[in-house]
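Colleague: following is a predicted model, sequence given first.
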Amino acid sequence: MGRESTMKPDYQILAYITTEKERVLSSNCLTLFADSKKTSKEMTVDIAKAMKADVTQLTNGDYMVLRV
């Protein structure tokens, strides 16, 4: 059976990658600063592959690595 409509999705943020130092905050997930957009994208892909997780790019250009 599929997920019931009354159940909440169980998302886990594994990593947050940004190019803005002001957005690097301590949290329960891995938060990384990248010096360029290219480096940010490369790090995100590598982390997602290693953790077998999904990636989403936010409208501000940052990336989140998620596991559902």
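Modeller: Okay, I see it. Numbers count the residues shown, from 1 in each chain.
Colleague: and the gap between A50 and A15?
Modeller: 10 Å (Cβ to Cβ, to the nearest Å). Glycine gets a C-beta too; all of them are placed from N, C-alpha and C.
Colleague: I'd assumed L66 was in contact with L58.
Modeller: No - shown here, L58 and L66 do not form a contact pair, counting by Cβ atoms under 8 Å, at 11.5 Å.
Colleague: which one of those two is surrounded by more residues?
Modeller: Each of L58 and L66 has its neighbours counted (other Cβ atoms under 10 Å); L66 has more, 17 against 10.
Colleague: give the contact list for that one.
Modeller: Counting by Cβ atoms under 8 Å, 6 or more residues apart in numbering, L66 makes contact with 11-14, 53-56.
Colleague: what do you get for L58?
Modeller: Applying Cβ under 8 Å, 6+ apart, one finds that L58 lies in contact with M64.
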